[in-house]
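Asks: Just to be clear, the model below is a prediction. Sequence and coordinates:
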Amino acid sequence: MPKGVERLVIIGSGPAGLTAAIYGCRADLSPLVFMGTQYGGQLMLTSEVENFPGFRDPVMGPDLMMSMKSQAERLGARLVQEDVVKVNFRTRPFEITTESGQVSARAVIVATGANPKRIGLENELRLMGKGVSNCAVCDAFFFRGKRVAVVGGGDTAMEEANFLSKFASSVQIIHRRAELRANAALRREAESNPKISFVWNTVVTDVLGAAKVEGVRVRNVETGEQSTMGVDGLFVAIGHEPNTDVFRGQMELDEKGYAKVRNGTESSVPGVFVAGDVRDFRYRQAVTAAAEGCKALIDAEKFVKADLAAAAVS
Ligand SMILES: Cc1cc2nc3c(=O)[nH]c(=O)nc-3n(C[C@H](O)[C@H](O)[C@H](O)COP(=O)(O)OP(=O)(O)OC[C@H]3O[C@@H](n4cnc5c(N)ncnc54)[C@H](O)[C@@H]3O)c2cc1C
């Protein structure tokens with residue numbers, strides 16, 4: 001672990017963290033980045049990304065993240081593939097602890113993202129990016145004229161289904177209950193859409209297909225009856241979990257655990273900034289996360305400059 005006080009520590013290596021690192025190098029902050037053991041973030045789980053600007057043809061998610069990492073490295077970011085296990089934001093400089101030691105920093109950018117909740121099936125993970133997705137805005141385009149299923153009964157599931165219906169030939173919403181949790185407007189929109197149908201009281205028990213999704217096994221929770229549905233895509237829309245456990249009690253989180261921001265990217269702790277899906281449950285896109293990484297860096301740079309100037313005076 002480096003000794004002395006770091007000017008900037010970045011936690012996370014998805015689009016938000018790596019963009020902050022790239023801008024941080026250019027601002028001469030020599031950022032130390034704790035990438036996490038699962039470096040690269042959510043895009044490591046997908047195949048083709050077709051909506052990140054700058055690529056004429058689809059780019060593979062892992063390739064895009066490798067390019068961002070190489071760009072940050074070339075500019076001088078120090079990248080450490082470790083998870084942060086503890087922070088102390090109540091002291092200055094801040095303390096950041098990993099399995100192998102502790103560093104202190106004048107400013108921190110938290111970009112730890114969020115994980116889409118999974119059904120928990122082995123084949124769901126194996127076929128992720130090969131027909132299984134958690135993001136209609138990202139992947140609906142690949143299902144033009146195809147049959148898809150959406151799992152969930154809340155607002156997100158309805159939004160995903162409504163969006164998918166613009167591309168897919170049919171959208172079946174599989175819900176474990178007999179009624180939806182989604183708000184009335186979204187529910188009405190889905191219910192009146194001729195392409196959308198509902199499979200009630202039903203859970204997905206397996207995802208079928210060798211190289212790509214060909215169907216799902218389902219079980220009716222009332223009757224126990226099992227059956228197979230032929231679909232080309234499965235969108236799991238049962239929520240996201242922000243990666244904020246280590247920040248609990250150290251900065252303000254909302255009731256779902258997302259980091260709260262006030263002015264721009266500032267957290268409740270001056271000097272700690274937040275970027276990407278760890279606070280953004282609305283847009284959840286690589287490009288919006290990257291943009292927030294940039295904003296957080298600009299905010300952090302100002303803070304570090306003022307902090308260094310104050311330290312020089314005292
Ligand atoms: C299957 C799938 C397909 C998608 N496809 C697209 C697409 O085509 N286009 C698009 O724009 N968006 C897509 N998205 C959404 C996009 O991936 C996210 O919006 C984006 O990755 C968010 O970036 P982020 O940097 O905020 O967080 P993340 O990408 O979630 O990265 C967070 C990082 O923080 C690290 N981390 C977490 N906890 C710690 C810790 N304690 N210590 C250190 N590091 C930690 C993680 O290891 C990870 O590296 C997709 C998402 C999924 C799941």
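Replies: Here it is on my side, so go on.

Asks: Report the beta-bridge partners for Val9.
Replies: Leu32, Val108 (DSSP bridges).

Asks: What confidence value was assigned to it?
Replies: Predicted confidence (pLDDT) for Val9: 98.

Asks: May I ask you to confirm that it is in contact with Leu29?
Replies: No. Assessed by C-beta atoms under 8 Å, Val9 is found out of contact with Leu29, at 10.0 Å. (Each C-beta comes from the backbone N, C-alpha and C, glycine too.)

Asks: Just the strands from the stretch 151-300 of the chain, written as ranges.
Replies: 170-174, 196-199, 202-208, 215-220, 226-229, 233-236, 240-242, 272-274 (DSSP state E, counting those that start in this stretch).

Asks: quick one: contacts of stretch 46-58?
Replies: For stretch 46-58, the surrounding residues in contact (C-beta atoms under 8 Å, 6 or more residues apart in numbering) are 43, 59-61, 64, 128-130, 133, 137-139, 141-142, 285-287.

Asks: So for that stretch, mean pLDDT?
Replies: 91.

Asks: Okay, buried residues for it please.
Replies: 46-49, 52, 58 (16 or more other C-beta atoms under 10 Å).

Asks: Turn the residues you listed into a markdown table, including secondary structure.
Replies: Output for the buried residues of stretch 46-58, formatted as a markdown table (DSSP: H, G, I helix; E, B strand; the rest coil):
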| residue | secondary structure |
| --- | --- |
| Thr46 | coil |
| Ser47 | coil |
| Glu48 | strand |
| Val49 | strand |
| Phe52 | coil |
| Pro58 | coil |
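
Asks: Can you tell me which of these lies closest to Gln81?
Replies: Thr46 (20.4 Å; C-beta to C-beta).

Asks: quick one, what contacts Thr228?
Replies: Taking C-beta under 8 Å, 6+ apart, one finds 208, 215-218 in contact with Thr228.

Asks: Got the confidence number for Cys25?
Replies: Reading off the model, Cys25 has pLDDT 98.

Asks: so who does the residue in the stretch 51-200 of the chain that the ligand sits nearest to touch?
Replies: Nearest residue of the stretch 51-200 of the chain to the ligand, counting by C-beta to the nearest ligand atom: Gly113, 2.1 Å away. By C-beta under 8 Å, 6+ apart, Gly113 lies in contact with 12, 14, 16, 41-42, 242-243, 276-278, 289.

Asks: near the ligand too, which of these?
Replies: 12, 14, 16, 41-42, 243, 276-278, 289 (C-beta under 6 Å from any ligand atom).

Asks: Can you give me the domain boundaries for this protein?
Replies: 5-115+240-313, 118-236 (automatic domain parsing).

Asks: what's the first-to-last distance across the shortest one?
Replies: To tie it back to what came earlier, the one meant is domain 118-236. 7 Å (C-alpha to C-alpha, to the nearest Å).

Asks: go on, the longest one?
Replies: Distance between the two ends of domain 5-115+240-313: 18 Å, counting by C-alpha to C-alpha.

Asks: show me where the stretch 1-150 of the chain has helices.
Replies: In the stretch 1-150 of the chain, the helices defined using DSSP state H, counting those that start in this stretch lie at 15-26, 61-74, 122-126, 136-139.

Asks: Comparing the strands of the stretch 151-300 of the chain, which yields the minimum mean pLDDT?
Replies: strand 240-242 (a mean of 94).

Asks: Sheet partners, orientation included, of that one?
Replies: Strand 240-242 has these strand partners (DSSP bridges): strand 114-116 (antiparallel).

Asks: mind listing the helices for the stretch 151-300 of the chain?
Replies: According to DSSP H, counting those that start in this stretch, the helices that the stretch 151-300 of the chain contains are 155-164, 184-191, 286-313.

Asks: interface residues of the stretch 101-250 of the chain facing the ligand?
Replies: Checking the stretch 101-250 of the chain against the ligand by C-beta under 6 Å from any ligand atom, the hits are 111-114, 116, 128-129, 133-135, 138, 243, 246.

Asks: among those residues, which one has the lowest pLDDT?
Replies: Lowest confidence among those: Cys138, with 86.

Asks: Now stretch 137-154: buried residues?
Replies: Buried, per 16+ other C-beta under 10 Å, within stretch 137-154: 138-140, 142-143, 146-154.

Asks: Pull up the distance across that stretch, start to finish.
Replies: Note: stretch 137-154 ends 17 Å apart using C-alpha to C-alpha.

Asks: Please state the offset of that stretch from the chain centre?
Replies: 18 Å (C-alpha atoms, centre = their mean, to the nearest Å).

Asks: likewise stretch 47-56?
Replies: 17 Å.

Asks: swap in stretch 303-314?
Replies: 34 Å.

Asks: Would you pull up the residue in the stretch 151-300 of the chain closest to the ligand?
Replies: For the stretch 151-300 of the chain, C-beta to the nearest ligand atom, closest residue to the ligand: Gly276, 2.2 Å.
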